[in-house]
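Novice: Prediction below, plus the sequence it came from.
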Amino acid sequence: MSMGFKYYLETYGCSLNTADSDIIVGRLEVIDGQRVGNIAEAELILLNTCGVKEPTEDKIVHRLEELAKGTTPVVVTGCLPKISIDRVENAIPGFAALLGPQSIETLASIVPRIFQGEKGIRHIESDNAYKLKWLTGPPDSVICTIPICEGCLGSCAYCAVKFARGKVRSYSIMDLHQIIERCVHLRYREIRLTSQDAAVYGSDTGETLASLLQSISRIEGPHKFRLGMFNANIVMSSINDLLESMDNEHFFKFFHIPLQSGSDRLLKTMKRRYIVSEWETLVKRVRKRFKNATIATDIIVGFPGETESDFEQTLELIQRVKPAVTNISKYGDRPNTLASMSKEKVETSRKKQRSRTLTKLVDEILVESNAAWVGWSGPVIITEKGSRGGMTGRNESYKTVIVHEDLSPGTIVDVEVTSSERTHLIGELRSFS
């Protein structure tokens, strides 16, 4: 069916949501939908939402309240309708449609109904449609995000995303190989392999993450892959195979392994299914194989029941391991989670203080980590314009390198790092291809 209409799409949240938005674009293209960058031109507005953290939810709810004042139909999709449907409906009572992250396929039938004047359509339950076939890479970028699977095997006490994304659904190695070959052919240079937890890939199909990486490593071209987050407990038994498959020029040596707390007692309360020593062993195994690997991790401060001793253990571990990237979140309740029902909530002021203390340590580690790269030289993939001038690129370990030259995204340049800042490295051009 061809309709011909203009739509505006706004995306919030993780890289899996970014990929879902690329799937939405592909699905609407088939019914002659044209994406516009100016919301005033749109005949339909879509918000692809996130429900991981309360501040993000608050921001989305505020945006919906603004859009509710207009007359353009609004479709709310993504995780939030499955996590906080009451807040969504209260923010925009006249919504055109509410969809879940696994009901993108229904857009083809829902959009015509909206243009016929229908409102209040709900389709938030998962369907069995194979949405990956609609994936369309972003048109003005050399970065493409590919979902390898959805869902997780965990039951973390603080997480509501499991309510939205559900059980594990992995895409086949054959399908992913074909899609990635197409992306490389379309000149995407940084290909992000995303999921809720990459470690669970294939748990539902019998395939493995290592086998997937081995398969796609054979795709020829000047691209590099960035593997997304994986949890320590699931990957422990297969880490050697995983590292072997990534010992290839096509992979950024970037490893996102969430920790959440340096306290075993708190990890147990969080239902994280590993202990600190296992996480630390994993990091050591990665660094032994790839000396310059970038280790990224996540920490929650102020989780219910977190004591000063628990927090000190986290500080000590971060100081000892020195991850190059530490994402810090202040704990916030998510609907219907075990942690939200706890009677041991940490005071807001204490959470803020702990966040400031940890941020100070992390910043010191960042400065030290980046300074160690001064004098390094090697290839850098230029990916986009720098927010404060120059061009942004990534080196083999996914470190951000700013080059103050007029270069096109997708160019691969030989760079020497001459100085460093807290947030990035600064490089000078030696040659380019």
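Specialist: Yep, it's here.
Novice: domains in the protein, as residue ranges please.
Specialist: As assigned by automatic domain parsing, the chain contains the domains 5-123, 131-371, 377-432.
Novice: okay, how far is it across the second one, tip to tip?
Specialist: When the termini of domain 131-371 are compared using Cα to Cα, to the nearest Å, they are 44 Å apart.
Novice: now it: how far from the chain's centre is it?
Specialist: 9 Å (Cα atoms, centre = their mean, to the nearest Å).
Novice: Quick check: the gap between the residue of the chain most remote from its centre and Q260.
Specialist: Here the chain reaches farthest from its C-alpha mean at Q116, the gap being 35.7 Å by Cα atoms, centre = their mean. The gap separating Q116 from Q260 is 48 Å, by Cβ to Cβ, to the nearest Å. In short, each C-beta sits where N, CA and C put it, glycine included.
Novice: Next: R354.
Specialist: 14 Å.
Novice: Likewise for C152?
Specialist: Between C152 and Q260 the distance is 14 Å, computed by Cβ to Cβ.
Novice: Using CSV, lay out the domains of the chain together with mean pLDDT.
Specialist: Shown next, in CSV, are those (pLDDT from 0 to 100):
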stretch, mean pLDDT
domain 5-123, 94
domain 131-371, 96
domain 377-432, 94
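Novice: wait, what's in contact with D175?
Specialist: Counting by Cβ atoms under 8 Å, 6 or more residues apart in numbering, D175 touches L132.
Novice: and the closest residue to F290 other than its chain neighbours, how many neighbours does it have?
Specialist: Once flanking residues are discounted, F290 sits nearest to K253: 4.4 Å by Cβ to Cβ, 6 or more residues apart in numbering. Applying other Cβ atoms under 10 Å, we find 24 residues neighbouring K253.
Novice: Please apply the same query to A68.
Specialist: Neighbourhood size, A68 [other Cβ under 10 Å]: 14.
Novice: Distance check, it against K322.
Specialist: Look at A68 and K322: by Cβ to Cβ, they are 47 Å apart.
Novice: And for G117?
Specialist: Distance, G117 to K322, by Cβ to Cβ: 59 Å.
Novice: ditto for D310
Specialist: 20 Å.
Novice: And those two? Which one has more around it.
Specialist: Neighbours were tallied for D310 and for K322 using other Cβ under 10 Å; the higher tally belongs to D310 (20 against 17).
Novice: what residues are up against R285?
Specialist: With contact taken as Cβ under 8 Å, 6+ apart, R285 is in contact with I239, N240, L243.
Novice: need the helices for the stretch 151-300 of the chain, in chain order.
Specialist: According to DSSP state H, counting those that start in this stretch, the stretch 151-300 of the chain carries its helices in the segments 161-165, 173-185, 209-216, 232-235, 239-246, 264-270, 276-289.
Novice: Which one of these lies nearest to L429?
Specialist: Across these, L429 has its closest neighbour in helix 173-185 (25.0 Å, Cβ to Cβ).
Novice: Now do the closest one and helix 209-216, the angle between them.
Specialist: Relative orientation of helix 173-185 versus helix 209-216 (axes from the mean of the first three to the mean of the last three Cα atoms, to 10 degrees): 40 degrees.
Novice: following the longest helix along the chain, which helix or strand shows up next?
Specialist: Using DSSP state H, we find that the single longest helix of the chain is helix 348-371. Note on helix 348-371: by DSSP states H and E, the next helix or strand toward the C-terminus is strand 377-385.
Novice: Contacts for that next one next, please.
Specialist: Residues contacting strand 377-385 (Cβ under 8 Å, 6+ apart): 141-143, 189-190, 222, 224, 391-396, 401, 403, 407-417, 427, 430.
Novice: ok, then the element right after it?
Specialist: Once the chain leaves strand 377-385, the next helix or strand it forms, by DSSP H and E, is strand 391-394.
Novice: helices or strands next to that next one in the packing?
Specialist: Counting contacts by 3 or more Cβ pairs under 8 Å, 6 or more residues apart in numbering; DSSP states H and E, strand 391-394 packs against strand 377-385, strand 400-403.
Novice: which parts of the longest one are buried?
Specialist: Think strand 377-385. G378, P379, V380, I381, I382, T383 (16 or more other Cβ atoms under 10 Å).
Novice: do stretch 322-341 as well
Specialist: Those would be 322-326, 328-332, 334, 337, 339-340, for stretch 322-341 by 16+ other Cβ under 10 Å.
Novice: how long is that stretch end to end?
Specialist: Termini of stretch 322-341 sit 33 Å apart (Cα to Cα).
Novice: Pull out the buried positions in stretch 340-358.
Specialist: S340, S342, K345, V346, K351, R354, S355, L358.
Novice: Please apply the same query to stretch 93-102.
Specialist: The neighbour-count check on stretch 93-102 (16+ other Cβ under 10 Å) flags F95, A96, A97, L98, L99, G100, P101, Q102 as buried.
Novice: same question, stretch 397-415
Specialist: In terms of neighbour count (16+ other Cβ under 10 Å), stretch 397-415 has its buried residues at 397-403, 407, 409-413, 415.
Novice: Now render these as CSV, adding distance to S170.
Specialist: Output for these, formatted as CSV (distance: Cβ to Cβ, whole Å):
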residue, distance to S170
S397, 27
Y398, 24
K399, 30
T400, 31
V401, 34
I402, 37
V403, 38
L407, 37
P409, 31
G410, 30
T411, 34
I412, 31
V413, 36
V415, 37
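Novice: Out of the residues you listed, which comes closest to Y201?
Specialist: Nearest member of these to Y201, counting by Cβ to Cβ, is Y398, at 19.9 Å.
Novice: Contacts only, for that closest one.
Specialist: Y398 neighbours (Cβ under 8 Å, 6+ apart): R226, F252, K253, F254, T294.
Novice: thinking again about what came up before, turn the helices of the stretch 151-300 of the chain into a markdown table, including distance to D197.
Specialist: Formatted as a markdown table, the helices of the stretch 151-300 of the chain follow (distance: least, Cβ to Cβ, whole Å):
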| stretch | distance to D197 |
| --- | --- |
| helix 161-165 | 10 |
| helix 173-185 | 16 |
| helix 209-216 | 10 |
| helix 232-235 | 7 |
| helix 239-246 | 13 |
| helix 264-270 | 15 |
| helix 276-289 | 14 |
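Novice: Distance of G120 relative to R87?
Specialist: 16 Å.
Novice: Sounds good, over and out.
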